[in-house]
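1. Quick check, what structure comes out for this input:
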Amino acid sequence: MTKDEFIKKYKDFQLPNETQEMIDKSVDNAKSVLNEYESEYKKIQKSFKFYFKKKGYIKPYDTHDFFDWIAEKYPDASLPHIIEVAKDPNSYKRFHEHKKRLWDGSEKNEENKKESNPENLIHNENSRVQKLANRFFNGELEKLKLLEYLSENFVASNPKCTDLTKYNHIYKYFNENESFNLEHRAYKELIKELFDYDYQAREIRARTQKHLKLLKNLTINYRQSLK
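-> Presented below is the predicted three-dimensional model:
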C-alpha cells in the first residue's frame with residue numbers, strides 16, 4: 001500500500017468516543033503537570049538567582065534540560081514527581097554536581113567501575129524486574145509480591161488451562177479496576193523475567209469469570225496471610 005492509498009483509506013477514521021475521551025483526558029492531565037512543573041522551576045530560578053550565581057552553580061539551559069536530568073536520575077518515578085523535584089532547591093545543587101562530574105569525567109569513570117563489578121550482575125537483574133514492575137503497576141510495587149503469589153497458587157480444574165490462560169487472567173484481574181489499560185508490553189516482559197514464560201506475539205485475552213473469581217479469593221488469602 002502506498003502512502004497516498006493509506007491516507008485515502010484512513011482519512012475518515014475516528015476512534016470510539018470513549019477511547020478518544022480517555023486519550024484527551026490523559027493529555028490534559030499531562031499538560032497540567034508540565035505547566036505546574038515549569039511554574040515551580042521558574043520560581044526557584046527567580047528566588048535563588050543570585051545565590052546560584054554566587055556559588056557558581058551550573059544552571060539548566062531551560063526546563064527541557066532540567067527535565068532530561070530528572071528523567072535520567074529518577075527513571076521509575078511517575079510524571080507528577082517532576083513537580084516535587086522542581087520545588088526542591090537542593091535538586092539544582094545535584095544538577096550542578098552531575099554536570100560537574102560529566103565535565104571532569106569522574107561520573108563516567110564511576111559508571112565503568114560499576115559495570116565491570118561482577119557483584120552488580122544480580123543487582124542489575126533485580127533492577128530490571130523492579131523497573132518493569134514499576135511501569136506495569138504504576139509505582140505500586142507492593143503488588144509484585146501479590147503477582148508472584150497468584151502465579152504460584154493459580155490452579156484450574158480444566159486441564160486445558162495453560163500458562164497463557166493463567167497469565168492472561170492475572171493481567172485481567174489487575175486491570176479490572178483501572179481507568180485505563182495497564183501496559184501490555186511491561187507485563188509480558190515482567191512475566192518472562194519472573195516466570196520464564198514468553199508471550200512472544202500472543203495477545204492478552206481473558207473472559208472466564210470463574211478464573212477471575214479464583215484470583216479474587218487468592219488475593220483475600222494473600223492479604224490475610226500478611227496479618
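2. For the rest of this, base every contact and every neighbour count on C-alpha atoms.
-> Will do.
3. May I ask you to confirm that residue 218 is in contact with residue 150?
-> Yes: applying Cα atoms under 8 Å as the test, residue 218 and residue 150 come out as touching, 6.7 Å apart.
4. and these two? which has more neighbours close in?
-> Each of residue 218 and residue 150 had its neighbours counted (other Cα atoms under 10 Å), and the higher figure belongs to residue 150 (20 against 17).
5. right, and the more buried one touches residue 170 too?
-> Yes: using Cα under 8 Å, residue 150 is in contact with residue 170, at 7.4 Å.
6. Could you tell me which residues touch both of the two?
-> A shared contact of residue 150 and residue 170, defined by Cα atoms under 8 Å, 6 or more residues apart in numbering, is any residue touching both; here these are residue 215.
7. From the recorded domain assignment, give the ranges for this protein.
-> The chain is divided into the following domains under automatic domain parsing: 20-113, 139-225.
8. With distance to residue 128 as extra columns, can I get these in CSV?
-> Written out in CSV, the entries for the domains of the chain read as follows (distance: least, Cα to Cα, whole Å):
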stretch, distance to residue 128
domain 20-113, 11
domain 139-225, 8
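9. Could you identify which of those domains has the lowest mean pLDDT?
-> Across the domains of the chain, domain 20-113 has the smallest mean pLDDT, namely a mean of 83.
10. before we move on, which element is the residue located most distally from the centre of the chain in?
-> In terms of distance from the mean C-alpha position of the chain, residue 54 ranks first, at 38.1 Å (Cα atoms, centre = their mean). For residue 54, the element it lies in under DSSP states H and E is helix 49-55.
11. and that helix, what other elements does it pack with?
-> Using 3 or more Cα pairs under 8 Å, 6 or more residues apart in numbering; DSSP states H and E as the contact criterion, no helix or strand is in contact with helix 49-55.
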